[in-house]
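Peer 1: coords please:
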Amino acid sequence: MVCCCICLTVLGTLCGVLLFAAYKLGLVYQLFHKVQPKSPCHGGELVAEVLKSHGVKFVFTLVGGHISPILVACEKVGIQVVDTRHEATTVFAADAVARLSGTVGVAAVTAGPGLTNTVTAVKNAQMAESPVLLIGGAAATLLQGRGALQDIDQLSLFKSLCKFCASIRTVREIVPTLRKALALAQSGTPGPVFVEFPINVLYPYHIVEREMAPRGTPKGIMGKAISWYLQNHLNNLFAGAWEKRDMSPLPVHIPQATAEQVQRCVELVSRAKKPVILLGSQATLPPIPVDKLRAALESLGIPCFLGGMARGMLGRESPIHIRQNRRDALKEADLVVLAGTVCDFRLSYGRVLSRRSKMIAVNRDRSQLLKNSDMFWKPTVAIQGDAGSFLVQLSEGLKGYQCPQDWPQSLKEGDLKKENSNREKSGEKTELHLNPLKVLHHVEELAAEDSIFVADGGDFVGSAAYILKPRGPLKWLDPGAFGTLGVGGGFALGAKLCRPESEVWIIYGDGSLGFSVAEFDTFTRHKTPVIALVGNDACWSQISREQVPLLGSSVGCELAFTDYHVVGEGFGGKGLLLTRQQDGNLDETIIEAQEMCQNGSAVLLNVLIGKTSFREGSISV
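Peer 2: From the prediction side, this is the model:
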């Protein structure tokens with residue numbers, strides 16, 4: 001009896017092991033799903049069909065053999081494939097498309113170094129909360145970890161950078177995995193997602209079979225076992241691959257404020273005498289259209305400070321848009337609404353907020369919602385939800401309410417006084433070359449009403465942020481909290497493709513220009529003319545301003561007054577040089593650049609600038 005029980009236990013265990021092995025080898029799945037060896041279809045076609053069904057119009061890439069089937073298939077279904085000169089640019093461009101279109105931006109790069117080149121751009125997208133899908137090639141499934149070309153552990157690189165990471169192991173996984181990735185990129189706090197595609201899930205059966213087939217007739221038990229294993233692996237890769245699957249978008253989850261939370265905030269705002277709204281990039285995210293959000297803010301009449309993608313939300317000359325003296329306004333305010341704005345270094349970790357003020361904080365991400373609230377500030381109401389939706393609900397709950405007019409008027413008066421002071425500084429003569437403030441004031445006056453400004457730099461761009469006024473919602477692109485240099489080429493490329501009728505300006509420092517000047521070749525080839533305004537002071541001035549007085553050396557900070565306009569021409573664009581000799585003809589040169597751009601050429605405007613004291617005291621760390 002005991003022996004019988006032991007035998008049954010062993011038999012049961014053996015059956016379990018065999019069933020598990022059969023499942024892992026795909027034998028069970030293959031019993032019910034066909035393999036079609038003669039089908040010319042390939043996995044790249046499935047990728048393209050899913051992207052098209054999700055409304056993707058552009059795929060940014062730097063070509064590589066691992067991902068060629070995806071690119072060819074995308075072109076066939078009408079998705080524009082835009083190839084760049086560096087992989088980081090593909091992600092920056094996808095980031096810009098995501099911000100401006102409200103959909104997921106897509107970048108596809110090859111394995112190994114192709115993917116490692118995107119790491120900074122993916123981290124920037126994560127911190128900027130941009131929904132980006134990064135598609136990466138990879139070594140064949142059977143060759144991973146065996147020394148194949150460009151084979152590294154790619155998932156480990158991106159797990160800390162992305163909301164979702166997956167490696168496709170069979171062709172049948174492509175559709176459901178991509179649908180899930182695209183939904184997760186947009187749900188909750190948006191961010192990048194990464195899907196890895198081993199090369200053998202992208203090519204047709206007959207090509208993969210040719211690469212996997214044993215050389216010669218297998219000999220012996222081991223040879224035959226290996227041959228069987230390879231054939232089974234091939235069959236499992238393609239089993240059920242071409243069965244009809246739903247490719248439509250999955251639901252996107254967006255957290256919302258509760259009715260009780262909104263009502264409490266209605267009561268707080270209605271009692272406030274000096275309320276202020278700080279609007280961050282998150283407020284521009286779907287589902288609320290930016291025009292509806294703008295109308296809600298205007299109906300409230302509360303003074304607004306706009307940051308990140310929210311710059312331009314209220315147009316150029318709104319009476320409630322306050323651009324200057326934020327620190328003073330926050331000290332005086334009795335109610336502060338942080339709508340997608342985070343208490344990080346940009347708000348001195350919360351130290352600029354008055355402890356006497358009531359605080360309403362709204363953010364999709366709980367960690368960002370409460371950042372530094374254990375130290376320098378405390379929210380009166382903390383809402384994990386969508387900032388744009390909350391502000392619209394707040395406006396609806398405050399119908400008939402109008403902020404006391406003397407408050408925004410007093411702030412606006414301070415605004416105008418500071419701007420007049422800045423304009424006076426633009427008239428000062430610099431020791432060498434042009435006054436950068438003067439150049440920026442001329443650009444502000446001449447830039448078209450549909451202009452989009454892309455900010456990529458330190459000192460010169462910091463000055464531009466005070467002087468250039470975005471013309472409307474979604475007309476300003478900067479890297480965000482990560483402060484990444486090198487976004488200019490990619491952001492401008494994505495912006496021009498999304499808004500081909502708009503005048504797209506890249507505001508470059510001469511240091512940051514070096515990261516993406518080669519994309520003038522991309523602008524030329526893909527007929528995406530933009531204007532690059534380069535503030536050339538032959539220096540990393542943002543760093544030099546602190547390093548020299550503190551440490552007594554300019555080591556590492558000095559550049560040269562390089563002929564960047566000639567470089568732009570070398571990559572197929574047009575180049576113009578602005579020096580002190582053209583001081584009286586700034587408008588003519590800027591207008592010439594605009595006309596060249598309208599005629600289809602990307603233009604690099606190399607402006608030699610001198611030093612001013614405008615940004616003394618600004619931080620670089």
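
Peer 1: now do the helices in the stretch 51-200 of the chain.
Peer 2: 68-76, 87-101, 113-116, 119-128, 154-158, 174-186 (DSSP state H, counting those that start in this stretch).

Peer 1: let me know which of the ones you listed is tucked in deepest.
Peer 2: Ranked by mean neighbour count under mean count of other CB atoms under 10 Å, the helices of the stretch 51-200 of the chain are led by helix 87-101, which reaches a mean of 29. C-beta here means a position set from N, CA and C on the backbone, and glycine is covered the same way.

Peer 1: who does that one touch, helix- and strand-wise?
Peer 2: Helix 87-101 sits against strand 58-62, strand 105-109, helix 119-128, strand 132-138, strand 476-477, helix 488-498, with contacts defined as 3 or more CB pairs under 8 Å, 6 or more residues apart in numbering; DSSP states H and E.

Peer 1: export the last one as PDB, just CAs?
Peer 2: Backbone C-alpha positions of helix 488-498 (Å, rounded to 0.1, in the frame of the first residue of the first chain) are rendered in PDB as follows:
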ATOM      1  CA  GLY A 488      16.400  71.500 -29.400                       C
ATOM      2  CA  GLY A 489      16.800  69.500 -32.600                       C
ATOM      3  CA  GLY A 490      14.300  66.800 -31.600                       C
ATOM      4  CA  PHE A 491      11.700  69.100 -30.000                       C
ATOM      5  CA  ALA A 492      11.800  71.400 -33.000                       C
ATOM      6  CA  LEU A 493      11.400  68.500 -35.400                       C
ATOM      7  CA  GLY A 494       8.400  67.100 -33.600                       C
ATOM      8  CA  ALA A 495       6.900  70.600 -33.300                       C
ATOM      9  CA  LYS A 496       7.200  71.400 -37.000                       C
ATOM     10  CA  LEU A 497       5.700  68.100 -38.000                       C
ATOM     11  CA  CYS A 498       2.800  68.500 -35.600                       C
END
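
Peer 1: looking at the helices of the stretch 51-200 of the chain, which is closest to Val342?
Peer 2: helix 119-128 (10.1 Å; CB to CB).

Peer 1: same for the closest one, what does it pack against?
Peer 2: Packing partners of helix 119-128 (3+ CB pairs under 8 Å, 6+ apart): helix 87-101, strand 132-138, helix 154-158.

Peer 1: circling back to that earlier point, for the helices and strands packed on helix 87-101, give me JSON lines that also has mean pLDDT.
Peer 2: Shown next, in JSON lines, are the helices and strands packed on helix 87-101 (pLDDT from 0 to 100):
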{"stretch": "strand 58-62", "mean pLDDT": "98"}
{"stretch": "strand 105-109", "mean pLDDT": "98"}
{"stretch": "helix 119-128", "mean pLDDT": "97"}
{"stretch": "strand 132-138", "mean pLDDT": "97"}
{"stretch": "strand 476-477", "mean pLDDT": "96"}
{"stretch": "helix 488-498", "mean pLDDT": "98"}
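
Peer 1: can you list these in JSON lines and add distance to His565?
Peer 2: Below are the helices and strands packed on helix 87-101 laid out as JSON lines (distance: least, CB to CB, whole Å):
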{"stretch": "strand 58-62", "distance to His565": "26"}
{"stretch": "strand 105-109", "distance to His565": "30"}
{"stretch": "helix 119-128", "distance to His565": "27"}
{"stretch": "strand 132-138", "distance to His565": "32"}
{"stretch": "strand 476-477", "distance to His565": "23"}
{"stretch": "helix 488-498", "distance to His565": "16"}
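
Peer 1: about what we covered before: who wins for proximity to Ile383 among the helices and strands packed on helix 119-128?
Peer 2: Ranked by CB to CB, the member of these that lies closest to Ile383 is helix 87-101, at 23.1 Å.

Peer 1: rewinding a little: which of the helices of the stretch 51-200 of the chain sits closest to Ser299?
Peer 2: For the helices of the stretch 51-200 of the chain, proximity to Ser299 was assessed by CB to CB; helix 87-101 is nearest, at 25.2 Å.

Peer 1: how close does Tyr29 get to Phe614?
Peer 2: Going from Tyr29 to Phe614 by CB to CB, to the nearest Å gives 66 Å.

Peer 1: Arg323 contacts Tyr466, doesn't it?
Peer 2: Yes. Between Arg323 and Tyr466 there is a contact at 7.4 Å, judged by CB atoms under 8 Å.

Peer 1: when the two are compared, which one has more neighbours?
Peer 2: Using other CB atoms under 10 Å as the criterion, Arg323 and Tyr466 rank with Arg323 on top: 19 against 16.

Peer 1: could you report the pLDDT at the residue nearest to that one when sequence neighbours are not counted?
Peer 2: Take Arg323 and drop its neighbours on the chain: the residue closest to it by CB to CB, 6 or more residues apart in numbering is Asp415, 5.8 Å away. Looking at Asp415, its pLDDT reads 87.
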